[in-house]
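Chemist: with the input below, show me the fold.
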Amino acid sequence: MDMPKNLFKQNLLRVPPMVGTWIMSGGTTTAEALGCVGFDFLVIDMEHVPLDWERTYASLQAVAGTGASAVTRVPWNDAVSVKRALDIGAQTLMFPMVQNADEAKRAVAATRYPPDGIRGIAAVHRGSRYGTVPGYLKNASAEICVICQIETPAAAARIDEIAAVPGVDALFVGPGDLSGAMGHLGDIAHPNVQAALAECAAKAKKLGKPCGIVGPNPDMVGKFIAMGYSYVAVASDMGMMVSRATEFLAALRGQSAVPAKPTGPY
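Modeler: Numbers count the residues shown, from 1 in each chain. Now for the predicted structure:
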């Protein structure tokens, strides 16, 4: 069997930009349904969602049957989590809270087999299509995509050094954590936060490095696209469900819907 192509990695700089959403429910049916809707990518979140490895495995299988690409956010930047994610078939990994070049190097190393990295070697797993991909050990890295999240002012100040690490394919700015670290918890619309987000996009564009972001609604995400972000996510399965349910309930009760104000990833 041929090596599965990483369409997400191929389309990082696509125009118009890829549009995705977050899977916060941990539901495989929900992930499959949103893939069928037409999102370009779906983020399977192991950082903030109580997903075990078996459910993550099933989520990757569910998304694979749709037109969407799966992005797996590992719970932390550690080699054991990365190894397991890659072995169950994840090709695009998002690393939370990368603060500097050393942490970016550690993330990349965990995705590479020796001598280029420290990924543990196994022969028969979903990543290698159960051992049916010829030359998987030598060629796996070509289809692996490493995304480093920028989530603090300190990381934003080091975008250039993080982006310069060989093997870092893209950046992703976390507006919720960045706003909190800036003293504006839950307020990504604050002018200072918006200015910082625009500056991150400008830096990444100058460096020629794809940079993504997530926002709570189409209006905000439209502003992010105008800032120059090269791929974007809007809301999440839970965010969209709760928002729509609130509207329906308010309409049936003759009230004005007051949507919740999430802090991210929405």
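Chemist: any regions of the protein where pLDDT drops low?
Modeler: Within the chain, the set of residues satisfying pLDDT under 70 comprises 257-264, 266.
Chemist: all strands for the stretch 51-200 of the chain, in order.
Modeler: 69-73, 92-95, 145-150, 170-173 (DSSP state E, counting those that start in this stretch).
Chemist: show residues contacting the second one.
Modeler: Residues from elsewhere that reach strand 92-95 (Cβ atoms under 8 Å, 6 or more residues apart in numbering): 6, 8-9, 41, 43, 69-74, 77, 82, 85-86, 103-104, 107, 111, 144-149, 172. Using the backbone N, CA and C atoms, a C-beta is placed for each residue, glycine as well.
Chemist: stretch 72-83 too?
Modeler: 43-47, 56, 60, 85, 90, 92-98, 103, 106-107, 109-111, 118-120.
Chemist: put the buried members of those into a PyMOL selection.
Modeler: Those of the contacts of stretch 72-83 that count as buried under 16 or more other Cβ atoms under 10 Å are selected in PyMOL with:
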select buried, resi 43+44+45+46+47+56+60+85+90+92+93+94+95+96+97+98+103+106+107+109+110+111+119
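Chemist: where do the helices sit along the stretch 101-250 of the chain?
Modeler: Here the stretch 101-250 of the chain has its helices, by DSSP state H, counting those that start in this stretch, at 101-110, 136-139, 153-157, 159-163, 175-181, 191-207, 218-227, 237-253.
Chemist: most tightly packed of these?
Modeler: Ranked by mean neighbour count under mean count of other Cβ atoms under 10 Å, these are led by helix 175-181, which reaches a mean of 22.
Chemist: export that helix as CSV, just CAs?
Modeler: Output of helix 175-181 as CSV, limited to C-alpha atoms (Å, rounded to 0.1, in the frame of the first residue of the first chain):
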residue,chain,number,x,y,z
PRO,A,175,-6.0,33.4,21.1
GLY,A,176,-7.6,32.1,24.4
ASP,A,177,-4.4,31.4,26.2
LEU,A,178,-2.7,34.4,24.7
SER,A,179,-5.5,36.7,25.9
GLY,A,180,-5.2,35.2,29.4
ALA,A,181,-1.5,35.6,29.5
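Chemist: show me how far that helix is from its chain's centre.
Modeler: Relative to its parent chain, helix 175-181 has a centroid offset of 16 Å by Cα atoms, centre = their mean, to the nearest Å.
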